[in-house]
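Peer 1: sequence first, predicted coordinates after that:
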Amino acid sequence: MTILVTGAAGFIGMHLTEAFLDAGERVVGIDNMNDYYDPTLKQARLDRLLSRDGFTFETLDIADRDGIAALAQSYTDIDRIVHLAAQAGVRYSLTNPHAYVEANVLGHLNILELARTLTAEGRLKHLVYASSSSVYGGNTKVPFSVEDPVDNPISLYAATKRSDELMGHSYAHLYRIPSTGLRFFTVYGPWGRPDMAAYIFTSKMLAGEKIPVFNNGDMSRDFTYVADIVSGIRAVLAAPPEDDGSAAPHRVYNIGNNTPEPLMRLISVLEDALGVKANIDFHPMQPGDVQSTYADIDAISQDVGYKPTTPIDVGIPAFVEWYKEFHGDWGKHNSR
């Protein structure tokens, strides 16, 4: 049977697809290959996957209702879905809000409709979809627990991700779709997104530029290495919620590192890995941003054995090694 991975050319999507292929699974990947960040990076990720046996790819936007619906007929062996495609980024939602509704709300609805079709045909074993730690909004209680209220989003991105969870629960209840939402906490690592802190800081530090640090550096994040995320997704996918005929077969988990790190410590680890001193440009807090994130992972650990193992002291040097190799300009920068 076959796993559908949306956002397959994305950061997490590529790593997850590679893990599935390594395990002998067949994967159908879709991605719209948009230019939210440099498409060259997305294409490089995709090229890695296209060289692998067992992988099939279609350039497809999840907001394309007919295109997504057609997948049920085009690939009659799809029995699991990992839905990662989304418009990411808190700050970008301030300037391009329509992209978030189109991808994260309409696109999510289209995937739910596909899951509905596959479930009605007796094919779908499990739908796992990406939510975000951003749904916790202005919560000040830490660590963030899935039992905490999440009705105060402070960005449109967070509001769309919370909408995904509510829509997922509704469809699971109405159509008995076994579903799990995963609230990701600041994922980083090789092949990561250029709009994330580790990538931005590395690029600017090597170029001798100032790095922007918000809230005057008084921030912390539950940085989670991508390999730990992948192991968690795979464990969750293999353990769909049971349907007892009453409660919706739907659940939500935090998936993070359970170890928040001060932003200034991340910068220190980057300095050591790069051999470059950061030139810091402090800024006030950005609209829509939060001071800290911290994942309570008791539920996912107890239910599927999820256990992250990678601290930033290991993960950040691994990211830096990939960055230097991928960009091929370390020698130029290091000769200054």
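Peer 2: Nice, I can see it. Residues are numbered from 1 along each chain as shown.
Peer 1: find me the pLDDT at Asn334, would you?
Peer 2: Note for Asn334: predicted pLDDT of 41.
Peer 1: no wait, His98
Peer 2: On pLDDT, His98 comes in at 96.
Peer 1: quick one: it from Gln302, how far?
Peer 2: His98 sits 40 Å away from Gln302, going by CB to CB, to the nearest Å. Just so you know, the C-beta spots here come from the backbone N, C-alpha and C atoms, and that holds for glycine as well.
Peer 1: mean confidence for the lengthiest helix in the chain?
Peer 2: Counting residues, the longest helix found in the chain (DSSP state H) is helix 156-175. Helix 156-175 shows a mean pLDDT of 97.
Peer 1: repeat that for stretch 6-21.
Peer 2: Rounded mean pLDDT across stretch 6-21 is 98.
Peer 1: gap between that stretch and the chain center?
Peer 2: When distances are taken as CA atoms, centre = their mean, to the nearest Å, stretch 6-21 is centred 10 Å away from the chain's centroid.
Peer 1: what separation is there between the closest residue to Pro153 other than its chain neighbours and Asn104?
Peer 2: Of all residues not flanking Pro153 in the chain, Ala159 sits nearest, at 4.2 Å (CB to CB, 6 or more residues apart in numbering). Using CB to CB, Ala159 is found at 9 Å from Asn104.
Peer 1: with Ala198 instead?
Peer 2: Noted for Ala198: a distance of 23 Å to Asn104, by CB to CB.
Peer 1: neighbour count for Ala159 and Asn104, which is higher?
Peer 2: A count of neighbours by other CB atoms under 10 Å puts Asn104 above the other of Ala159 and Asn104, at 26 against 21.
Peer 1: that one: what's it in contact with?
Peer 2: Ala86, Gln87, Tyr157, Thr160, Lys161, Ser163, Asp164 (CB atoms under 8 Å, 6 or more residues apart in numbering).
Peer 1: I figured the fourth one hits Gly107, correct?
Peer 2: No: judged on CB atoms under 8 Å, Thr160 makes no contact with Gly107 at a distance of 9.7 Å.
Peer 1: ok, now which ones touch the nearest residue to Asp38 once chain neighbours are set aside?
Peer 2: The shortest distance from Asp38 to any residue other than its chain neighbours is 6.3 Å, reached at Pro194 (CB to CB, 6+ apart). Pro194 sits next to Tyr37, Asp38, Leu41, Ile200, Ser203 when contact means CB under 8 Å, 6+ apart.
Peer 1: quick one, phi psi at Pro194?
Peer 2: phi -70, psi -10 (degrees, to the nearest 10).
Peer 1: now it: how far from Phe326?
Peer 2: Going from Pro194 to Phe326 by CB to CB gives 11 Å.
Peer 1: what do you get for Ala299?
Peer 2: As defined by CB to CB, Ala299 lies at a distance of 35 Å from Phe326.
Peer 1: so for those two, which sits in the more crowded spot?
Peer 2: Of the pair Ala299 and Phe326, Ala299 is the one with more neighbours under other CB under 10 Å, namely 16 against 12.
Peer 1: thought the more buried one was touching Ile255?
Peer 2: No: using CB under 8 Å, Ala299 is not in contact with Ile255, being 10.0 Å away.
Peer 1: returning to what we had before: in its sheet, which strands sit next to the very next helix or strand once past the longest helix of the chain, and in what direction?
Peer 2: Past helix 156-175, further along toward the C-terminus, the next helix or strand under DSSP states H and E is strand 179-184. If you go by DSSP bridges, strand 179-184 pairs up with strand 126-132 (parallel), strand 250-255 (parallel).
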